[in-house]
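Enquirer: With the input below, show me the fold.
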Amino acid sequence: YKMNTEQNASLTLNGIKVPCSMVGKLTVADKDVYLGRQLSEEGYLLLRDVHDPDEVAAARTEVLQRLAEVGEINDPFDDGIASGTSYRRNSYPKKEDLGRFWRSVSEGPAVRAVINGPRITNVMSKLFQEPATHFTFAWLRTMIKGRASPLHIDHPYMNRGSKRLVTCWTPFSSISMSNGPLYILEGSHNWSDIREQFEGHDVDLDPSRPGHIEESAVALAKRKNSRILTSEFGLGDCLIFGMFTVHGSFDNNSKTGAVRISCDTRFQPALDPMDERFSGLNPPAHNALGYACLSASLPLTETAIRR
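Expert: Residues are numbered from 1 along each chain as shown. Just a heads-up that it's a prediction; the model follows:
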């Protein structure tokens, strides 16, 4: 069903308000029904209360403390308000230094207890109906006010392993409509033209060709007679989707300047081949840059394309 006007008021993309008529609500998945069928039908699974809320809060605190240490979060750091300053490059001047810093944040024990813990792994094993495993690489995101993730599908970025790979997006705080919630284009996992455009495209082998979708979310949804589906998210919630589901995030329009923290983890059946870029103790990631390939490795004060 549609969002009400009040909920929709703060939804913008690139600073432009999204028409209410274009926005719908994500359907909450039924944990007691076969998850695989729901995923194939809807293209996503919105699951409530998967993670322990206290563990998610601890992961958020762990990340914010590290950001505060490099001057990017105001005191008290647990409020998560961006300071507008950064000393990250003072301590980590080179690209590889920044990558090493972000790896240490991304591999924090509280972060990993949530994103790789037994609760979500059990959900994934239930989804695949066989034992699940995950990439060791994790995409930890920090979205300051005014930023968003562009429209894309995940396939071009990670397609050298299992064909059953899925993304699990976990917010590290409650996310209202004004904090830049994730969105999915309804029915997009079945769009043959998107699949034909991107299937087999590997951003590392063909960097001249964009991995993201250049059409705007509103224009694409109109062309496809689709809707932009989103939701508010609570501590413990997660959103799971496949490699061809079109998604992005709304602008973070936080009135307080709060940073939106979330993490993408990729899961697959344990017996399937795994993309070597994102596995092992020291995953090379894109272009063998490790965690330096992520824009999140840059200081919060620096503008970069969000992937």
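Enquirer: any weak-confidence spans in the chain?
Expert: 1-9, 303-307 (pLDDT under 70).
Enquirer: quick one: the strands in it?
Expert: 12-13, 16-17, 23-25, 44-47, 132-134, 139-143, 166-171, 182-185, 228-230, 238-242, 247-249, 260-269 (DSSP state E).
Enquirer: neighbouring contacts of the fourth one?
Expert: Taking contacts as CB atoms under 8 Å, 6 or more residues apart in numbering, the residues outside strand 44-47 that touch it are 26-29, 31, 35, 38-39, 123, 127, 184, 189, 229, 231, 237-241, 245. In short, each C-beta sits where N, CA and C put it, glycine included.
Enquirer: Quick one: buried ones out of the residues you listed?
Expert: 26-27, 29, 35, 38-39, 123, 127, 184, 189, 229, 231, 237-241, 245 (16 or more other CB atoms under 10 Å).
Enquirer: what about Asn159, how many residues close to it?
Expert: Asn159 is surrounded by 18 other residues when neighbours are defined as other CB atoms under 10 Å.
Enquirer: Identify the residues contacting it.
Expert: Applying CB under 8 Å, 6+ apart, the residues near Asn159 are 200-202, 243, 275.
Enquirer: next one: Ile115
Expert: Applying CB under 8 Å, 6+ apart, one finds that Ile115 lies in contact with 59, 134, 138, 168, 170, 263, 265.
Enquirer: The first one against Asn116, yeah?
Expert: No - with contacts defined as CB atoms under 8 Å, Ala59 does not count as touching Asn116, sitting 11.1 Å away.
Enquirer: which one of these two has more residues nearby?
Expert: Between Ala59 and Asn116, counted using other CB under 10 Å, the more crowded position is Ala59 (26 against 17).
Enquirer: Look up how far His51 lies from the more buried one.
Expert: 9 Å (CB to CB, to the nearest Å).
Enquirer: what is in contact with these two at once?
Expert: Both Ala59 and His51 are contacted by Val114, under the criterion CB under 8 Å, 6+ apart.
Enquirer: contacts for stretch 60-68?
Expert: By CB under 8 Å, 6+ apart, stretch 60-68 touches 73-75, 77-78, 80, 104-105, 108-111, 140, 142, 172-173, 259, 261, 300.
Enquirer: Mark which of those are buried, thanks.
Expert: Here, 16+ other CB under 10 Å leaves 73, 77, 80, 105, 108, 110-111, 140, 142, 172-173, 259, 261, 300 buried among the contacts of stretch 60-68.
Enquirer: just checking, which of those belong to helices?
Expert: 105, 110-111 (DSSP state H).
Enquirer: As TSV, those with distance to Ile213 would be great.
Expert: Shown next, in TSV, are these (distance: CB to CB, whole Å):
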residue	distance to Ile213
Val105	29
Ala110	34
Val111	29
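Enquirer: now, which of those sits nearest Ala148?
Expert: Val105 (21.3 Å; CB to CB).
Enquirer: any idea how far Asn253 is from the closest one?
Expert: Distance from Val105 to Asn253, by CB to CB: 25 Å.
Enquirer: what's the answer for Ala68, then?
Expert: In terms of CB to CB, Ala68 sits 23 Å off from Asn253.
Enquirer: sorry, back to before: can you list the contacts of Asn159 in JSON lines and add distance to Met177 and neighbour count?
Expert: As requested, the contacts of Asn159 are exported to JSON lines (distance: CB to CB, whole Å; neighbours: other CB atoms under 10 Å):
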{"residue": "Gly200", "distance to Met177": "36", "neighbour count": "11"}
{"residue": "His201", "distance to Met177": "33", "neighbour count": "16"}
{"residue": "Asp202", "distance to Met177": "35", "neighbour count": "16"}
{"residue": "Met243", "distance to Met177": "27", "neighbour count": "22"}
{"residue": "Asp275", "distance to Met177": "34", "neighbour count": "19"}
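Enquirer: Let me have the residues you listed in CSV, extended by distance to Lys222.
Expert: Shown next, in CSV, are the contacts of Asn159 (distance: CB to CB, whole Å):
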residue, distance to Lys222
Gly200, 28
His201, 25
Asp202, 30
Met243, 24
Asp275, 34
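Enquirer: Enumerate every residue touching the residue lying farthest from the centre of the chain.
Expert: Centroid-distance maximum for the chain: Asn90 at 28.1 Å, with CA atoms, centre = their mean. Asn90 sits next to Val70 when contact means CB under 8 Å, 6+ apart.
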